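Asker: could you look at this predicted model? Sequence included:
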Amino acid sequence: MFTVADEVLDLCRCVGHEATVFAVLADGLRNGPGDPELLREAVAAAGDLGAPHPHLSAWQDVYRAFGAKPQRTPCSAEALRKRAAKGAVPSVNRLVDAYNAVSIRFAVPIGGEDRAALAGTERLVRASGDEPFDTVKDGAPVVESPEPGEVIWRDDVAVTCRRWNWRQGRRTALTEATTSAVFLLEGLDLDLRPAADLLASLLPADSITIERLA
C-alpha cells in the first residue's frame, strides 16, 4: 500500500505547485544487464539538457519550501540530467536503466523500490527527524536521519528516500534478484501519464499496474 500525506500536497500548494504521484507496480520482473542504447536514445530525445527546465525549477521551489538547498542537493531528475549532459550516466541494470531513461526524457523524478523489501505502508510524509536512513557516505555504510519537516518516503521500518526524491536508501534498492517492484513517478503541475506509460512499456514484467496516488 502507498499513500501521500495531505501535508506534503499542501506544502507544494503553498509555493504555487500542484503535486502528482504515480505508482507503476510491476510483478514477474526479469532484471538483467543494462541497456546503454536506451539511455543514449533518452538523452537524444531530451533536447538541450543544459537549458533551464520549468519542471526542475518547480522542484527547486518545493525543495526550498521544506528547507533543502536544491543547488547542493538537487532532485534526482535534475542531478541525472546534469550527469547526462556530461555523458556520465552509467548503465546499471535493466530496471534502473529503464526508469533512468524515462526520467531523463521527461525531466521527472523516478525511484524504484523492491517491494519484497518494503515493510507495511510506504508513505510520502514530512519527517519528525528521528527516522533512520540507511545509506552510504564516503564509500562506507552509515545510518543518518532526515531533518525535521523534510519530505521523505518511508515505510513502517525506516526512510526509503530522503528529500522527497533526492537519494534512495540501500534496503529497498533494485537488485538482480528483484522480481516485484514499485516505481514512483512525481510531478509538479505536470501530466505524468505519458511518462508512466513509457516506463510500463520498457519493463520486462509479467504484469504491470499504474496507479495514481495523488
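Answerer: Structure's in. What do you need?

Asker: tell me how many other residues surround residue 154.
Answerer: Taking other C-beta atoms under 10 Å as the criterion, the count of residues near residue 154 is 23. For the C-beta atoms, the positions are set from N, CA and C on the backbone; glycine is no exception.

Asker: I'd guessed it sits against residue 120; true?
Answerer: No. In this structure, residue 154 sits apart from residue 120 without contact. The criterion is C-beta atoms under 8 Å, and the distance is 9.7 Å.

Asker: what does the helix or strand where residue 57 lies rub up against?
Answerer: For residue 57, the enclosing helix or strand under DSSP states H and E is helix 54-65. The list of residues contacting helix 54-65 from outside it, by C-beta atoms under 8 Å, 6 or more residues apart in numbering, reads 11-12, 14-17, 19, 69-70, 73-75, 77-78, 81, 107-109, 151, 163-164, 187-190.

Asker: okay, helices next: where are they in this structure?
Answerer: Assigned helices in the chain, in chain order: 6-14, 36-45, 54-65, 76-85, 94-106, 193-202 (criterion: DSSP state H).

Asker: now render the ones you listed as CSV, adding mean neighbour count, distance to residue 25 and mean pLDDT.
Answerer: What follows is the helices of the chain, written out as CSV (neighbours: other C-beta atoms under 10 Å; distance: least, C-beta to C-beta, whole Å; pLDDT from 0 to 100):
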stretch, mean neighbour count, distance to residue 25, mean pLDDT
helix 6-14, 15, 21, 98
helix 36-45, 15, 21, 96
helix 54-65, 18, 24, 98
helix 76-85, 20, 20, 96
helix 94-106, 24, 13, 98
helix 193-202, 17, 10, 98
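
Asker: can you say which of those is nearest to residue 130?
Answerer: Proximity to residue 130 (C-beta to C-beta) singles out helix 6-14 among the helices of the chain, at 17.4 Å.

Asker: can you give the distance of that closest one from its chain's centre?
Answerer: From the chain centre to the centre of helix 6-14 is a distance of 18 Å (C-alpha atoms, centre = their mean, to the nearest Å).

Asker: can you check stretch 68-75 too?
Answerer: 15 Å.

Asker: in CSV, list the C-alpha atoms belonging to that stretch.
Answerer: Only the C-alpha atoms of stretch 68-75 are listed here, as CSV (Å, rounded to 0.1, in the frame of the first residue of the first chain):
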residue,chain,number,x,y,z
ALA,A,68,16.6,21.9,1.4
LYS,A,69,19.1,23.6,-0.8
PRO,A,70,18.5,22.4,-4.4
GLN,A,71,21.8,23.8,-5.6
ARG,A,72,23.6,21.4,-3.2
THR,A,73,21.0,18.5,-3.1
PRO,A,74,19.0,18.7,-6.3
CYS,A,75,16.1,16.4,-7.1
